[in-house]
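**Q** next come a sequence and a model predicted from it.
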Amino acid sequence: MRLWPRALSVRLAVMFALVSTLLLGLIGFSLYQSLQREIAWRDDQALLGRLERMQALLDDSQSIEALRSRPQLYENMLGNRDSLLWIIDDAGQRLIEINPTLMPLPVLPAAERATLGDSPSSEPLRLAWLDVTRGDRRLTLIAGKLLSEREQMLAAYRLKLWLALSVGAFLAFGFGWLVSLRGLQPVRQLAMRAAAIDVQHLYLRLDEFKDVSELQALSKALNLMLARLEDGFAQLSRFSEDLAHEMRTPLSNLMGHAQQTLARPRSVDEYQNLLVSNLEEYDRLARMIDSMLFLARTEQVDASINRQLVDLHELVEQLCEYFDGTAQECAIELINKGSGTLVADPQLVRRALANLLANALRYGIPDSAVTISSSLYDGVVEISVHNFGEPIAAEHLPRLFERFYRCDPSRNQPDDSGGLGLAIVRSIMHAHGGQVRVTSTQAGTSFSLLFPLDSA
Amino acid sequence: MRILVVEDEVKTADYLSKGLGESGYRVDVALNGLDGQHQVQEHEFDLIILDVMLPGLDGWQLLQIIRRKLQTPVLFLTARDAVEDRVKGLELGADDYLVKPFSYAELLARVRTLLRRGPPREVEQFQVADLHLDLLRRKVTRNGERVTLTNKEFSLLHLLLSREGEVLSRTLIASHVWQMNFDSDTNVVDVAIRRLRAKVDDPYQLKLIHTVRGMGYMLEAQS
């Protein structure tokens, strides 16, 4: 069974009621305590006063006998059923006894001064007593008060307190619930607004609750999330569109070329040419699909990468060897300034750097150098690939890492990476928790891979 | 050598059986799993090429049935190259796998490797026509003259010589010589071959390194 209610308003109301009960209870308890103490103090003062008056009477009267024969002197003093009075001599004789409920005579220790105490008997009884000497007689004066009346009064008071407490808690719950319902109204509005946003309406935003600071933060955060989602969604649909378009070009080449060749009989050479040209297109398609799959896998949140300690100089050297021939043909010198180590997936880093190097060689100007360098600062390992060449226009820089993005849409070289090379670099860096940066000026273009040191 | 191709895609089955037939193998084709199971029980094969996605009995089930009795090498073909799929195939007892789309040269190379029974001989001397390579001394001569090669050129020539007569795809060359295990869209391999040719082939009458258009490169003494 679920004890804790689901609705936030009911929870708040319950908490409200609990807090109110606790507060009311504390106040009631302390008021009750002070009342009880006050009544007890006044009763005690009354008992002591009675003893004094008894003493005064004894001083006035010549003898106890005279006092006993003038009962009206103290009867009117008592007058009610819960007051008791005894005067006892040292032989234990009850000289005067006013005891309407016939309580047994309490046994009390000697007291030179007026003393207060509770009677040890079964009925609650408050006593004040005093030993006095009259001539040669020692007398004990005892005044008492039965507490049953007081108990009754306090019990009634307690009952009232409990009633007030329960009614208070109940009211607190009710009011709390109403207040929470009202207070949570903006949340319901937010929910309704959010429910209206689906794939077709990703451009909608939530109202910013300017007058409710908590909700303002929430709606702001949600709106930011929506903006990111809209962005991602737009990128995704643009991407599928681009993909279809990218596949269309090789397919139309394949179809057109084949149909044109089949239109009339050809020589064996021509057929061979067709097949070879087809193969090149197939290769392009296959590579594109491979790259797409690679991107899809590396971008999965749980993509597992195989981190190892990588020697950067060695890794870069391997790549330089790989591109050695190509670089020599472009009259570009490859300079390895890599040093130190990095914990990363060597296959992926190699692939990222290979893509960057291929670009650097493609766009580097002849008789210059392409430099691969590494540095360590602020907990980041940076590997940069720098080449001299025409700077990339500033408007292209932020979009360079998008899939299929080309600075010049008309340029579609056979050896280019189909517009996925830099997207792959970025996804590899994301998989490592790092990022990729590009700067391009007259001094050349530099791509930097930034690996956070603590990602391992 | 007799090879069984279990493949439901008719075009694939067709070109595989034609191609392997041209390479001198006797090829039987089964177009579904049950037929494949029947063939395996009736005849003896040296190699089975198995597609994973089959109607009726799928490739994994057929592989389990085969492995209950036979140790025939199995090469499986799959369009899904998720790591789990490859691991599953190899755990079930397959000997090798290829992910579609694969290059035909690659398939042929794998088939040859699987049919080469026993561990490959460690060859230290290679001789094709008047080209000689000595692996231990890292020395290459052509027509008796010393040819000086860089490390990578030497590895490339060694790879071509050890697979003499086989077409090697660019991907295979890149992964063997430079350990670049991804499809590279650069012309690195072509450049390397061109530079190797300049030293090994160009000065001589008889050309040994051949371009197989659309497929890759091959070293062979063709008359």
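**A** Alright, I've got the coordinates. Numbering: from 1, shown residues only, chains lettered A, B, ... in the order given.
**Q** now do the domain split for chain B, please.
**A** When chain B is parsed with automatic domain parsing, its domains come out as B:2-115, B:125-219.
**Q** how far does the shortest one sit from its chain's centre?
**A** Remark: domain B:125-219 is offset 16 Å from the chain centroid, using CA atoms, centre = their mean, to the nearest Å.
**Q** from the rest of the structure, what touches the lowest-mean-pLDDT helix or strand in chain B?
**A** Within chain B, no helix or strand scores below helix B:83-91, which has a mean of 78 by mean pLDDT, DSSP states H and E. With contact meaning CB atoms under 8 Å, 6 or more residues apart in numbering or on different chains, helix B:83-91 is reached by B:52, B:60, B:63, B:76, B:78, B:97. (Each C-beta comes from the backbone N, C-alpha and C, glycine too.)
**Q** ok, and what's touching the helix or strand just after that helix?
**A** Next in sequence after helix B:83-91, counting helices and strands by DSSP states H and E, comes strand B:96-99. Outside strand B:96-99, the residues within contact range by CB under 8 Å, 6+ apart are B:73, B:75-81, B:86, B:89-90, B:106-107, B:110, B:113-114.
**Q** of those, which is the nearest to chain A?
**A** Closest to chain A out of the contacts of strand B:96-99 is B:Asp81 (7.4 Å), distances taken as CB to the nearest CB.
**Q** and the residue nearest the centre of chain B, what does it touch?
**A** For chain B, B:Ala109 is the residue whose C-alpha lies nearest the centre (CA atoms, centre = their mean; 1.3 Å). Neighbour list for B:Ala109: B:163, B:166-168, B:172 [criterion: CB under 8 Å, 6+ apart].
**Q** how about A:Gln55?
**A** Taking CB under 8 Å, 6+ apart, one finds A:130, A:132, A:141 in contact with A:Gln55.
**Q** quick check: the last one is in a helix.
**A** No: assignment of A:Leu141 by DSSP: H, G, I helix; E, B strand; the rest coil gives strand, placing it outside any helix.
**Q** right, and it touches A:Leu84 too?
**A** No: with contact defined as CB atoms under 8 Å, A:Leu141 does not reach A:Leu84; the gap is 11.7 Å.
**Q** hang on, the earlier thing: off-centre distance for the strand or helix carrying the residue nearest to the centre of chain B?
**A** Per DSSP H and E, B:Ala109 falls inside helix B:104-115. What separates the centre of helix B:104-115 from the centre of its chain is 3 Å, taken as CA atoms, centre = their mean.
**Q** let's see it as PDB, backbone CA atoms only.
**A** C-alpha atoms of helix B:104-115 as PDB (Å, rounded to 0.1, in the frame of the first residue of the first chain):
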ATOM      1  CA  TYR B 104      35.000  -9.800 -54.100                       C
ATOM      2  CA  ALA B 105      38.800  -9.700 -53.900                       C
ATOM      3  CA  GLU B 106      38.500  -9.800 -50.100                       C
ATOM      4  CA  LEU B 107      36.200 -12.800 -50.300                       C
ATOM      5  CA  LEU B 108      38.500 -14.700 -52.500                       C
ATOM      6  CA  ALA B 109      41.500 -13.900 -50.300                       C
ATOM      7  CA  ARG B 110      39.600 -15.200 -47.200                       C
ATOM      8  CA  VAL B 111      38.500 -18.400 -49.100                       C
ATOM      9  CA  ARG B 112      42.100 -19.100 -50.000                       C
ATOM     10  CA  THR B 113      43.300 -18.600 -46.500                       C
ATOM     11  CA  LEU B 114      40.600 -20.900 -45.100                       C
ATOM     12  CA  LEU B 115      41.300 -23.600 -47.600                       C
END
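**Q** what is the subsequent helix or strand relative to it?
**A** strand B:125-128.
**Q** list the buried residues in that following strand.
**A** Residues of strand B:125-128 classed as buried: B:126, B:128 (neighbour count, 16 or more other CB atoms under 10 Å in any protein chain shown).
**Q** repeat that for stretch A:399-409.
**A** Buried residues in stretch A:399-409 (16+ other CB under 10 Å): A:400-405.
**Q** of the domains of chain B, which is nearest A:Ile383?
**A** Nearest to A:Ile383, of all those, is domain B:125-219, at 17.4 Å by CB to CB.
**Q** for the stretch 251-400 of chain A, which segments count as strands?
**A** A:308-311, A:332-337, A:341-344, A:368-377, A:380-387 (DSSP state E, counting those that start in this stretch).
**Q** TSV please, covering these and showing distance to chain B and mean neighbour count.
**A** Below are these laid out as TSV (distance: least, CB to the nearest CB, whole Å; neighbours: other CB atoms under 10 Å in any protein chain shown):
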stretch	distance to chain B	mean neighbour count
strand A:308-311	13	14
strand A:332-337	12	18
strand A:341-344	16	21
strand A:368-377	14	17
strand A:380-387	14	21
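**Q** related to what we said a few turns ago, among the buried residues of stretch A:399-409, which ones are in strands?
**A** Among the buried residues of stretch A:399-409, DSSP state E puts none in strands.
**Q** what's near enough to touch A:Glu38?
**A** Contacts of A:Glu38 by CB under 8 Å, 6+ apart: none found.
**Q** count of neighbours near the residue nearest to A:Gly340 when sequence neighbours are not counted?
**A** Distances taken as CB to CB, 6 or more residues apart in numbering or on different chains place A:Leu312 nearest to A:Gly340, at 5.5 Å, with adjacent residues excluded. Using other CB atoms under 10 Å in any protein chain shown, the number of residues around A:Leu312 comes to 23.
**Q** isn't A:Leu312 up against A:Asn336?
**A** No: with contact defined as CB under 8 Å, A:Leu312 and A:Asn336 do not form a contacting pair (9.2 Å).
**Q** does the closest residue to A:Cys320 other than its chain neighbours have beta-bridge partners, and which?
**A** Excluding its sequence neighbours, the residue lying closest to A:Cys320 (CB to CB, 6+ apart) is A:Leu334, at 4.5 Å. Beta-bridge partners recorded for A:Leu334 (DSSP bridges): A:Val370.
**Q** which residues sit in contact with A:Leu334?
**A** A:Leu334 neighbours (CB under 8 Å, 6+ apart): A:320, A:323-324, A:327, A:357, A:369-370, A:372.
**Q** so which one among those residues has the lowest pLDDT?
**A** pLDDT is lowest at A:Asp324 among the contacts of A:Leu334; the value there is 89.
**Q** thank you, goodbye.
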